[in-house]
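Engineer: Pasting the sequence and the predicted coordinates here, then a few questions.
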Amino acid sequence: ENSVSISESSREIPPIAHPTPEDAFGVAANIQYHAHYSPHFSPSKFEPEQAFFSTAESVRDTLIQRWNETYAHFHKVDPKQTYYISMEYLQGRALSNAIGNLGLTDAYAAALYKLGHDLETIVEQEKDPALGNGGLGRLASCFLDSMATLNLPAWGYGLRYKYGLFKQKITAKGQEEYAEDWLEKFSPWEIVRHDVVYPIRFFGEVLVESDGKRKWVGGEQLQALAYDIPIPGYKTKNTISLRIWEARSPPQDFDLYAFNAGKHINAADLQFKAQQICAVLYPGDETEEGKLLRLKQQYLLCSASLQDILARFKERRSKDKPFLWAEFSKKVSVQMNDTHPTLAIPELMRLLMDEEGLGWDEAWTITSSTVAYTNHTVLPEALEKWSQAVMAKLLPRHFEIIAEIDKQFHALVGKIRPDLEDKLSSLSILDSSNPDKPVVRMANLCVISSHTVNGVAELHSDILKKELFADFNSLWPTKFQNKTNGVTPRRWLRFCSPELSTIITKWLRTDEWVTNLDLLTGLRQFADDKQLQTEWAAAKTANKQRFAKYLQDVTGIEVDSNSLFDIQIKRIHEYKRQLLNILSVIYRYKKIKELSKGEQMKAVPRTVMLGGKAFATYAQAKRIVKLVNDVGQVVNNDRDVSHLLKVIFIPNYNVTVAELAIPASELSQHISTAGMEASGTSNMKFALNGSLIIGTLDGANVEIREEIGKNNFFLFGARAEDVPILRKQREEGKFVPDPRFEEVKDFIRSGKFGDYDYGPLLESLEGNTGYGRGDYFLVGQDFPSYLEAQSKVDEAYRNQAHWIKMSILSTAGSGKFSSDRTILQYAQEIWKIQACPVP
Ligand code: KOT
């Protein structure tokens, strides 16, 4: 069998005093040390790239020391610990974040200066690992930052994809995708753990032994190898782990006989096959395609993580106290980030029953009091369903367990809620209603097996309780909770906008807001203060100029830093309605062209920026990207207009780009069809950075508007509860489109923006019903109210003092949206864990 070990060795090496780089001299010496003794390049070279790796390795020394201390402390105290399991993390660059959290930014800046470099250039050498698609992955990373900062005994588990989310290039054809090789030159942040390896099985069969015990045997066997990424908290010693797994075949699988017989490629067959499993991030954001490889990824993540959790639980118990499985859920809590890690449920059952010898009832009690599930979407096409046939073949034992959970659920309903029996067909886990394609409904498995299910904003959690999971809610009303998302104030204000941070600290007379974001309300009393307004405006301008320079570098387009910076950045999706945005831009363009020179003088100059990646096979989303770029071509080159309007597509939107764009934004767009965006988290980042929001009453917009005040929010559009009614009315042919909407569509049809075929895009807005038609996302419905809201924006921007005041109030009201608040609520209300600070 494969070796499985996480234990600290019995022959421990005593720790040596580490030369802590506390000041610039120490830091510089440490960087130099790494340049010489951890060489990855010719030692004679010390260009920015080499300086980056040496600097990162020097920071890593400090991180590893704290990470070891944290592990040892958790080990000693043995508190209840949470494991956050997620298929995605969008960590962003780590260097500036790490030195910021360690409080060493000035020391590193000074040290690099001594060595002939400037920190900013060095920071820019780092690749942005994009091991996630969008909001769900970035949320996981914000959560890790908060868990570490709050000293919580909590860890993340994920996968080590070789290629993260694709790199987006914009050409005349529109979006093109290229592999993003974040490991091209190795990552200085990961620690490979050759001592943490677990066996993973696929396929095979289930044997029933004479005592009735079941055993999964045969099939393919490979290994999961751990890599640890230390996650430092802000102003605390606590440094937790993000443990990511890589698939490999057991070394003995290399076929030396084949190799020696000249079959060089065949010899490495199994190795190659295993490597494919973690080769790429599944490029799905709210779309799911049944793919065997994806299921293998999900299982690898769950199995390796659960084996690791069980091994640690046993190890912490065996020292002086014997362990009781009944204590497991008092020591372990597992949070599933959406349904992607659902296999954690049958895997925990399997390990407890087949490997540890527990009976079903005991295993079920333990499992269902350990796991909790967060839902991140109500879009029906994003609810994971796996083919029963595929599941039974790849994971025969798990399929048995899932079927048994379903059977017992049916029995339970029959016993305690016979009135729900006619609803069972929609509540059950196994859905065999389509005999050609029986499926496993992962969300139902999660709801039935978890002690807690939560949505990510109040409106979304209400929709879960009243619609998606209404019957489950009537069965288990206390199971459902809300945990409104949040973002880390470190990365999303303190570090990405040092200018604004300095001002906030000055006016609040403390920097405690960085860990207690509610303190921002203290800015309200100064919102009218001319001095603060002047300083605030200057910080915004500096951030706008920095971003303008970036845009000039990557697009070649010159941007007027005095224009209103209007930004929509997020994954491209019809429900997010980038189309609504660009249609209104076209309308604006037309109207500006109709103005007299005198009238033009009064117009508010705007730079409209959109960015985001379209799923590679999502044709409609790609057409939207193309349209934005085509509109930009025409508008930006029209000399009558370009001083009043520019349209820019921000290429390759990622965490790093967001860190530049958000602080520069004055207006940001969160304009999804009401009821469709579970929460949104960039809306929180923009509001925190004093960017006003134009938006619908969707997701967390609702709560943001409550917090910052409705006068500081440009609201428009249908309400969630009206959406089904409006769709129905449209089906009945009762919708009368606004003439301005027709005018804009005709303008596109006229060929003004080139000869690309926009037919399919425009057709989605026509008709009353049908797949991809009938304006399902209500673009035409909301168009007039959106234009009105946009006019209010122009009007408000004319009064700069008032605009700045609204901007200050926006930041002042954003305290609720700290992920520290969110994580504290998870810790208290779901995980039942307590802080465990390293002394
Ligand atoms: C993707 C596939 C299946 C299920 C859910 C998703 C998903 C949802 N990916 N990202 N999300 C977003 O998650 C964010 C964090 O909670 C939300 O703010 C956002 O509204 C979701 O769209």
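Structural biologist: Nice, thanks for sending it over.
Engineer: part of a strand, is V197?
Structural biologist: Yes - counting by DSSP: H, G, I helix; E, B strand; the rest coil, V197 is part of a strand.
Engineer: Run through the bridge partners of it.
Structural biologist: On the basis of DSSP bridges, V197 is bridged to L225.
Engineer: Can you report how many residues neighbour it?
Structural biologist: When counting by other Cβ atoms under 10 Å, one arrives at 21 neighbours for V197. Backbone N, C-alpha and C define where each C-beta goes, glycine included.
Engineer: Any figure for the gap between it and T367?
Structural biologist: According to Cβ to Cβ, to the nearest Å, V197 stands 25 Å off from T367.
Engineer: Same check on E327?
Structural biologist: Taking Cβ to Cβ, one finds E327 at 14 Å from T367.
Engineer: before we move on, what about A258?
Structural biologist: 43 Å.
Engineer: The two - which one has more neighbours?
Structural biologist: Applying other Cβ under 10 Å to A258 and T367 shows that T367 carries more neighbours, namely 27 against 15.
Engineer: Excluding chain neighbours, what is closest to that one?
Structural biologist: L348 (4.7 Å; Cβ to Cβ, 6 or more residues apart in numbering).
Engineer: do V440 as well
Structural biologist: Nearest non-adjacent residue to V440, counting by Cβ to Cβ, 6+ apart: W386, 4.7 Å away.
Engineer: helix or strand for the one you found, which one?
Structural biologist: Using DSSP states H and E, W386 sits within strand 385-387.
Engineer: So which residues on the stretch 651-800 of the chain come close to the ligand?
Structural biologist: Counting by Cβ under 6 Å from any ligand atom, the stretch 651-800 of the chain comes close to the ligand at 677-681, 699.
Engineer: still on that earlier bit, the strand holding W386 pairs with which strands?
Structural biologist: The strands that strand 385-387 pairs with in its sheet are strand 439-441 (antiparallel) (by DSSP bridges).
Engineer: and the helix or strand just after the strand it pairs with, which residues are buried?
Structural biologist: As assigned by DSSP H and E, the chain's next helix or strand after strand 439-441 is helix 442-449. Neighbour-count burial for helix 442-449, counted by 16 or more other Cβ atoms under 10 Å, picks out 442-449.
Engineer: close to the ligand, is helix 442-449?
Structural biologist: No - Helix 442-449 lies apart from the ligand when judged by Cβ under 6 Å from any ligand atom; the minimum separation is 9.2 Å.
Engineer: which other residues reach that helix?
Structural biologist: 336, 339, 342, 345, 367-368, 371, 373, 375, 383-386, 402, 405-406, 409, 427-429, 453, 468-469, 472, 479 (Cβ atoms under 8 Å, 6 or more residues apart in numbering).
Engineer: Which members of those occur in helices, if any?
Structural biologist: Using DSSP state H, 345, 367-368, 402, 405-406, 409, 427, 472 are the members of these that sit in helices.
Engineer: Show me which pair in those residues is furthest apart.
Structural biologist: Greatest spatial distance in the ones in helices among the contacts of helix 442-449: T367 and L427, 19.3 Å, computed using Cβ to Cβ.
Engineer: domain parsing for the protein?
Structural biologist: With domains defined by automatic domain parsing, the chain comprises 80-92+130-450, 560-818.
Engineer: Now do the buried residues in the longest helix belonging to the chain.
Structural biologist: Assignment by DSSP H gives helix 48-77 as the longest helix of the chain. Across helix 48-77, burial judged by 16+ other Cβ under 10 Å covers 48, 50-63, 65-67, 69-71, 73-74.
Engineer: go on, stretch 26-34?
Structural biologist: Residues of stretch 26-34 classed as buried: 26-28, 30-34 (neighbour count, 16+ other Cβ under 10 Å).
Engineer: Please produce a markdown table containing those, extended by secondary structure and distance to the ligand.
Structural biologist: Shown next, in a markdown table, are these (DSSP: H, G, I helix; E, B strand; the rest coil; distance: Cβ to the nearest ligand atom, whole Å):
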| residue | secondary structure | distance to the ligand |
| --- | --- | --- |
| G26 | helix | 40 |
| V27 | helix | 36 |
| A28 | helix | 41 |
| N30 | helix | 38 |
| I31 | helix | 37 |
| Q32 | helix | 42 |
| Y33 | helix | 41 |
| H34 | helix | 37 |
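Engineer: Mind picking the two most distant members of the residues you listed?
Structural biologist: G26 and H34 (13.0 Å).
Engineer: The helix or strand following the longest helix of the chain near the ligand anywhere?
Structural biologist: Downstream of helix 48-77, the next assigned helix or strand under DSSP H and E is strand 81-85. No - applying Cβ under 6 Å from any ligand atom, one finds strand 81-85 out of contact with the ligand, separated by at least 13.0 Å.
Engineer: Now the element after strand 81-85, going C-ward?
Structural biologist: Next along from strand 81-85, by DSSP H and E: helix 95-102.
Engineer: Check which helices and strands that following helix sits against.
Structural biologist: helix 48-77, helix 105-114, helix 119-123, helix 135-149, strand 220-232 (3 or more Cβ pairs under 8 Å, 6 or more residues apart in numbering; DSSP states H and E).
Engineer: For the shortest one, name the packing helices and strands.
Structural biologist: It stands for helix 119-123. Going by 3+ Cβ pairs under 8 Å, 6+ apart, helix 119-123 lies up against helix 48-77, helix 95-102, helix 105-114.
Engineer: which one of those helices lies closest to the ligand?
Structural biologist: When these are compared by Cβ to the nearest ligand atom, helix 95-102 sits nearest the ligand, at 19.8 Å.
Engineer: how would you label A247: helix, strand or coil?
Structural biologist: At A247, secondary structure determined by three-state DSSP is strand.
Engineer: Phi first, then psi, for the closest residue in space to E246 that isn't next to it in sequence.
Structural biologist: Nearest non-adjacent residue to E246, counting by Cβ to Cβ, 6+ apart: R160, 4.4 Å away. Note on R160: backbone dihedrals following degrees, to the nearest 10 are phi -100, psi 80.
Engineer: Can you name the residues that contact R160?
Structural biologist: By Cβ under 8 Å, 6+ apart, the neighbours of R160 are 131, 190, 227, 244-246, 278.
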